[in-house]
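Undergrad: Return a 3D structure for these sequence lines:
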Amino acid sequence: MQNNLLENERIDDLQRNGYRIIQNPEKFCFGMDAVLLSGFANVKQQEKALDLGTGTGIIPILLKAKTKGAHFTGLEIQKESADMARRSVVLNGLEKDIEIVTGDIKDASELFGASSFDIITTNPPYMIGQHGLQNGNEAKTIARHEILCDLEDILREGSRLLREHGRFYMVHRPFRLAEILSKMCAYRIEPKRMRLVYPYADKEPNMVLIEGLKGGKPRMTVEKPLIVYQEPGVYTDEIYEIYGY
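TA: Model (predicted):
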């Protein structure tokens, strides 16, 4: 596989089940948000999961390592990222467990069919249009900014793709929380569980993990805060546990 790496690509050890992933730091590498989402999502035995905007396939690969789900699919619009994801699937011998599909989130329900998944996960672009600093690298800009899809697209298609009482898992930014919760309800994805992520105990949260239930009844549990660092450069025990160290 080493000889099949393209320019600027590398293979990183995921510290889980011996799995590895192909990444290109010149394009985009997965971050902590993807790892935390994989630890927050609950995929049960015999369930089928779809990751919307899978990038290089990090979430399906980690969910395969951490859960007993029956099958995992990743949908990615950027061809280079989807190609890296497929090669990572092969690298780990997971061709029977994970499928990577190249396509547009806006067309997801047409690609896969309505009510075809038990679980939807997504680590979507956080920034609205021109909001925030844009990177000159197109792949990174698409991953971070709502250029090719937005929150509405993700929730609309997620609702269509989920079977009744299927579960939706997303990591996002707290500054958009009011919009996220209202739009989830509008698409019949009832917010059921939420956890805020804080870089340090005395800082403001910079991530939010949310679970929704399609067709669920109104009642949401707010879990205890997840603190990332106990001091600069030193993760908390819970973060080490999520990473599998």
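Undergrad: How many neighbouring residues does A201 have?
TA: Neighbourhood size, A201 [other Cβ atoms under 10 Å]: 11. Just so you know, the C-beta spots here come from the backbone N, C-alpha and C atoms, and that holds for glycine as well.
Undergrad: pretty sure it is touching I227, no?
TA: Yes - A201 sits in contact with I227 when judged by Cβ atoms under 8 Å, with a separation of 5.2 Å.
Undergrad: anything in contact with each of those two?
TA: Residues touching both A201 and I227 by Cβ atoms under 8 Å, 6 or more residues apart in numbering: none at all.
Undergrad: Just give me the longest helix of this structure.
TA: Longest helix in the chain by number of residues (criterion: DSSP state H): helix 79-91.
Undergrad: Residues in contact with it: which ones?
TA: By Cβ under 8 Å, 6+ apart, the surrounding residues in contact with helix 79-91 are 1, 4, 9, 11, 20-24, 27-28, 54-57, 60-61, 74, 76, 95, 98-102, 139.
Undergrad: For that helix, give the mean pLDDT please.
TA: For helix 79-91, the mean pLDDT works out to 96.
Undergrad: Only alpha carbons, please: show that helix as PDB.
TA: Output in PDB follows, covering the C-alpha atoms of helix 79-91 (Å, rounded to 0.1, in the frame of the first residue of the first chain):
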ATOM      1  CA  LYS A  79     -13.400  12.700  -5.400                       C
ATOM      2  CA  GLU A  80      -9.900  12.900  -4.000                       C
ATOM      3  CA  SER A  81     -11.100  12.500  -0.500                       C
ATOM      4  CA  ALA A  82     -13.500   9.600  -1.500                       C
ATOM      5  CA  ASP A  83     -10.600   7.900  -3.200                       C
ATOM      6  CA  MET A  84      -8.400   8.200  -0.100                       C
ATOM      7  CA  ALA A  85     -11.300   6.800   2.000                       C
ATOM      8  CA  ARG A  86     -11.700   3.800  -0.400                       C
ATOM      9  CA  ARG A  87      -8.000   3.000  -0.200                       C
ATOM     10  CA  SER A  88      -8.100   3.200   3.600                       C
ATOM     11  CA  VAL A  89     -10.900   0.700   3.600                       C
ATOM     12  CA  VAL A  90      -8.800  -1.600   1.500                       C
ATOM     13  CA  LEU A  91      -5.700  -1.000   3.600                       C
END
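Undergrad: Can you point out the buried residues in that helix?
TA: The neighbour-count check on helix 79-91 (16 or more other Cβ atoms under 10 Å) flags S81, A82, D83, M84, A85, R86, R87, S88, V89, L91 as buried.
Undergrad: how about the helices in the chain?
TA: 32-40, 58-66, 79-91, 108-112, 138-144, 151-161, 177-186, 237-243.
Undergrad: Figure out which of those is closest to R219.
TA: For those, proximity to R219 was assessed by Cβ to Cβ; helix 177-186 is nearest, at 12.4 Å.
Undergrad: The helices of the chain: which one's closest to M220?
TA: Closest to M220 of the helices of the chain, according to Cβ to Cβ: helix 177-186, at 8.4 Å.
Undergrad: For the closest one, which helices and strands make contact with it?
TA: Judged by 3 or more Cβ pairs under 8 Å, 6 or more residues apart in numbering; DSSP states H and E, the packing partners of helix 177-186 are helix 151-161, strand 162-172, strand 189-198, strand 207-214.
Undergrad: Distance from the chain centre to the shortest one, please.
TA: In this case it means strand 207-214. The chain centroid and the centroid of strand 207-214 are separated by 11 Å under Cα atoms, centre = their mean, to the nearest Å.
Undergrad: which outside residues touch that strand?
TA: Contact partners of strand 207-214, identified using Cβ under 8 Å, 6+ apart, comprise 33, 36-37, 40-42, 159, 162-174, 177, 180-181, 184, 188-197, 226.
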